[in-house]
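> Generate coordinates for the sequence data below:
(chains A and B)
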There are 2 protein chains.
Amino acid sequence: MKKFNTAPISGMQELLPALQAEFNRLKSAIFEVFLAHGFQNIETPTIDRTEILFAKAGGDTEKQIYRVVKTDECTDTADQALRFDHTVPLARYVVEHMSDLVFPFKVTQVGRNFRGERAQKGRFREFYQCDVDVIGWNTLSIAYDAEIIATLAEALSKLPLPNSFVVRISNRKLLVGLLENLNLEEKSKDIFNVIDHAEKVSPEETRSALQELQIGTANVDKLINFISINGKRNEVIDKLKSLRFSGEAFNQGINELNQVMQLLEDGYPTIKIVADTKIVRGLDYYTGTVFETNVIDYEWIGSICSGGRYENLAAHYTKQSLPGVGGSIGLTRLFYILQECNVALLEDVKPIDICVIPVSLSEYADSLIVANRLRQEGKLVDVVMTDKKLGDKMRYASRLANYAIIFGEKEAKEHSYRLRNLSTGEETVEKW
Amino acid sequence: MKKFNTAPISGMQELLPALQAEFNRLKSAIFEVFLAHGFQNIETPTIDRTEILFAKAGGDTEKQIYRVVKTDECTDTADQALRFDHTVPLARYVVEHMSDLVFPFKVTQVGRNFRGERAQKGRFREFYQCDVDVIGWNTLSIAYDAEIIATLAEALSKLPLPNSFVVRISNRKLLVGLLENLNLEEKSKDIFNVIDHAEKVSPEETRSALQELQIGTANVDKLINFISINGKRNEVIDKLKSLRFSGEAFNQGINELNQVMQLLEDGYPTIKIVADTKIVRGLDYYTGTVFETNVIDYEWIGSICSGGRYENLAAHYTKQSLPGVGGSIGLTRLFYILQECNVALLEDVKPIDICVIPVSLSEYADSLIVANRLRQEGKLVDVVMTDKKLGDKMRYASRLANYAIIFGEKEAKEHSYRLRNLSTGEETVEKW
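Modelled structure (predicted):
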């Protein structure tokens, strides 16, 4: 029948109505937790100036940015592009509106971002991200690092994850301080990069990647030893202290990690957390706390929620110091995995509570009046108005609704109808 | 302080948090009415293939379409673009997924669309549209035309409009039939165009625009007479019948207009409706019912909600007949007018219910526990964790929250706190 290729562009999520309803339910649940924690919602435009988006992008991200051009304009001057995350537009927003905002600015953004990645199963070019951030004016208490992690963890607890999850926390100052101690600052970028990939490869590969950097076997051992430290707060803090590295950065890292974890343990005792020094988060705008989240027994999924502290995000746009901390749930990819890989059984909810079926045209008006009364009680109500046989109308109702009301001459005259449960067949008589 | 131009691109809406919250409230209210009327939600990708979007666009719209190109690709091959409305992607979606959908397919889409219009106050290049559509399989009862209008009107009734509104309804078959009767089919496009603009110019301008088409003074008079017909259903139907035009189209137009309005009067007696033959809706995909909506005494705003019947929307993509009817609320523009032009006083709601203020670091954990209990009761709760003086924390709370709890050593020890109403100063003592 098709005359045209009507598939969506590859890498775009397009859901059937029942799954869309489930997706919306999860998105709303996350958003409600964010609001309950006192975050204010903003929406930035999908399209922004290329110079704004490129100010912080760089590397692969830059190649993946979609530029936009109006059809009647020269395509060489694409100075507008689609946002690829929420963080860069947030930095612009805060600088633009700083005199109207109350700091610390606790903000949430839930919307679609865009990256022209190579098409690949489970990778999306347009995807929902659910972000929370806190932006301070000059300073921002380390306690907000804990609050960001707690808020995201509370949101994750509303999702149909197959198992509980664990938040793995570290602090980039630890590795920065360690490299200072080993006089390896110049190779810092390469070393961060190797450690950032350490979880995706074998320990031997990590070792040989470090050896290739020609930093000496003793230093390789120290780094390997460092990234093997993980576990409960007290144990990790003790091990880190026992390394006896000097310098401000390393010790700040220990203190901050300890404070963030202590606050989470005391204020949110049900959230599972561990310290894990392998976590560095690739993006170089993170400066302190970093975290990732894994579903227990489903580590192959990778991190489902991550973020960290960034001291200088808006430094490109303003001299005002605006330290921030934030994190994000990548909902489109997570939803895909839960559903496509049968990781979680998503609910298959009928979209309509009650389907009202007028037997003939003369009962249309009364059917609408009954439907509206039911809507006022909060019900989702459809009135079937097709010129079809009753059997066809019943089949329609059975596919979409939980209950049906067949509304004929008798129902109109006697001001009562039978409400039929479409799964059990039970009926009750109701007045209207 | 700024080192960079951080304003959003002109034509993009960017709201401060309090207004964003109000915008979200209106958007949710509309969406809830759509769901209550049994519409299922879908989301189509923001980016679609240019050939899909261009299949129906044409004219000005085509020039306004944003094409997207990946930064590392040649810009001449922009075969992807941003959707400019919900209707074209809906046609693609229905054809793509037809075997999985239940017909008639009642569907709602609420999201952002894009047009690179000339920058102008109150005109947006990225804008929310709230659409409802019903798509039939081969046939679609005229009763759904009434249901679409009723659903949109119920949604509009949730908005803070300064006055009530009136839905103006016509049927394009009337003008099509009239032109058949006058043997003016060949000039049909030009005549529709003049009548489509009749409300924006003086009656004299409309007359002279028609005269320029060289259709003869008698025909101009007949057209002017036709478009002056408007008012209550019975009066309009009588006047149209008294014109005594023959032919199927004209009489179908009368019957359909009568049926749609009759059903609305009987099933939704509170909705204000009139018939108005001037309504033709420019877009040529409409084939029957057409409607626009005006706020009473605020006609200068223009139509705030419009739509109509389209028999052949997906004809580019499939041979399967998929008649539809739909309509849309342009929320971004409407919100701008309500707010910027002081047409309606939007609510300025504090984003946080209760601000918990720990006096010192040692009360952080207990403050978080109290906050979480209040969140479980459905409250939006912020815990202020800045290292500032108490006065600074109170100022923060006063700007963002309705209530404050100052939580010190005493509150921690005695397991009780004072809940202060920040507008009245009243306090109550609560246990925790």
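> what bits of chain A have low per-residue confidence?
Within chain A, the ranges that satisfy pLDDT under 70 run A:1-3, A:55-62, A:71-78, A:283.
> center of it, which residue is that?
For chain A, the residue nearest the mean C-alpha position is residue A:329 (1.8 Å; C-alpha atoms, centre = their mean).
> Quickly find the element holding it.
Using DSSP states H and E, residue A:329 maps to strand A:324-330.
> So which elements touch that strand?
Here strand A:324-330 touches strand A:126-135, helix A:143-156, strand A:305-310, going by 3 or more C-beta pairs under 8 Å, 6 or more residues apart in numbering or on different chains; DSSP states H and E. Placement of C-beta: from N, CA and C, glycine included.
> can you map out the helices along the stretch 301-432 of chain A?
A:331-340, A:364-376, A:390-400, A:409-414 (DSSP state H, counting those that start in this stretch).
> To chain B, which of the ones you listed lies closest?
Chain B sits nearest to helix A:364-376 of all the helices of the stretch 301-432 of chain A, at 3.1 Å, using C-beta to the nearest C-beta.
> dump the residue contacts of the closest residue to residue A:194 other than its chain neighbours.
Excluding its sequence neighbours, the residue lying closest to residue A:194 (C-beta to C-beta, 6 or more residues apart in numbering or on different chains) is residue A:209, at 4.6 Å. By C-beta atoms under 8 Å, 6 or more residues apart in numbering or on different chains, the residues touching residue A:209 are A:194, A:197, A:201.
> On the three-state scheme, residue A:209 is what?
helix (DSSP: H, G, I helix; E, B strand; the rest coil).
> Buried residues of whichever strand or helix holds residue A:34, list them for me.
Taking DSSP H and E as the criterion, residue A:34 maps to helix A:17-36. By neighbour count on 16 or more other C-beta atoms under 10 Å in any protein chain shown, the buried set for helix A:17-36 is A:17-23, A:25-27, A:30-31, A:33-36.
> Equivalent analysis for stretch A:201-210, please.
In stretch A:201-210, counting by 16+ other C-beta under 10 Å, buried: A:206, A:207, A:209, A:210.
> Which of the residues you listed sits closest to residue A:116?
Among these, residue A:209 lies closest to residue A:116 (C-beta to C-beta), at 28.4 Å.
> Pull the contacting residues for the closest residue to residue A:297 other than its chain neighbours.
Spatial nearest neighbour of residue A:297, excluding adjacent residues (C-beta to C-beta, 6+ apart): residue A:163 at 5.3 Å. Residues near residue A:163 by C-beta under 8 Å, 6+ apart: A:295, A:296, A:297, A:298.
> what about residue A:163, which SS state?
Look at residue A:163: counting by three-state DSSP, its state is coil.
> For it, give its distance to chain B.
As for residue A:163, its distance to chain B is 23 Å (criterion: C-beta to the nearest C-beta, to the nearest Å).
> how far away is that residue from residue B:334?
45 Å (C-beta to C-beta, to the nearest Å).
> Also residue A:45?
18 Å.
> before we move on, what about residue A:197?
Counting by C-beta to C-beta - residue A:197 and residue B:334 are separated by 50 Å.
> before we move on, what about residue A:111?
Using C-beta to C-beta, residue A:111 is found at 20 Å from residue B:334.
> who's more crowded, these two?
residue B:334 (23 against 19; other C-beta atoms under 10 Å in any protein chain shown).
> I figured the more buried one hits residue B:159, correct?
Yes - contact criterion C-beta atoms under 8 Å: residue B:334 and residue B:159 qualify, at 7.5 Å.
> still on that earlier bit, farthest-apart pair in the buried residues of stretch A:201-210, please.
Largest separation among the buried residues of stretch A:201-210 by C-beta to C-beta: A:207 and A:209, giving 7.3 Å.
> so what's residue A:422 up against?
A:397, A:398, A:401, A:402, A:403, A:404.
> Show the buried residues in those.
Buried members of the contacts of residue A:422, counted by 16+ other C-beta under 10 Å: A:397, A:401, A:402, A:403, A:404.
> nearest to residue A:282, of these?
Nearest to residue A:282 out of the buried ones among the contacts of residue A:422 is residue A:402 (C-beta to C-beta; 47.2 Å).
> ok, now which ones touch the closest one?
A:350, A:352, A:353, A:354, A:421, A:422, A:423.
> Near the second one, how many other residues are there?
Just to be clear, that refers to residue A:352. Other residues within reach of residue A:352, judged by other C-beta under 10 Å, total 25.
> contacting residues for the nearest residue to it once chain neighbours are set aside?
Distances taken as C-beta to C-beta, 6+ apart place residue A:401 nearest to residue A:352, at 4.1 Å, with adjacent residues excluded. Residues counted as contacts of residue A:401 (C-beta under 8 Å, 6+ apart) are A:350, A:351, A:352, A:353, A:354, A:355, A:382, A:422.
> What are the buried residues along stretch A:281-291?
For stretch A:281-291, the neighbour count (16+ other C-beta under 10 Å) marks A:281, A:283, A:284, A:285, A:286, A:287, A:288, A:289, A:290, A:291 as buried.
> wait, residue A:288 sits on residue A:309?
Yes - look at residue A:288 against residue A:309 with C-beta under 8 Å: they come within range, at 3.7 Å.
> Any chance you could list residues touching both of these two?
Both residue A:288 and residue A:309 are contacted by A:145, A:325, under the criterion C-beta under 8 Å, 6+ apart.
> Residue A:400 contacts residue A:355, correct?
Yes - under the criterion of C-beta under 8 Å, residue A:400 makes contact with residue A:355 at 6.6 Å.
> of those two, who's got more company?
residue A:355 (28 against 21).
> from what I can see the more buried one touches residue A:395, true?
No - applying C-beta under 8 Å as the test, residue A:355 and residue A:395 come out as separate, 10.8 Å apart.
> Checking residue A:254 next. Helix, strand or coil?
Look at residue A:254: counting by three-state DSSP, its state is helix.
> distance of it from residue A:260?
11 Å.
> just the strands in the stretch 51-200 of chain A please.
A:66-70, A:80-82, A:105-114, A:126-135, A:165-171 (DSSP state E, counting those that start in this stretch).
> Describe which strands the third one pairs with in its sheet and in which direction.
Strand partners for strand A:105-114, identified by DSSP bridges, are recorded as strand A:40-41 (parallel), strand A:126-135 (antiparallel).
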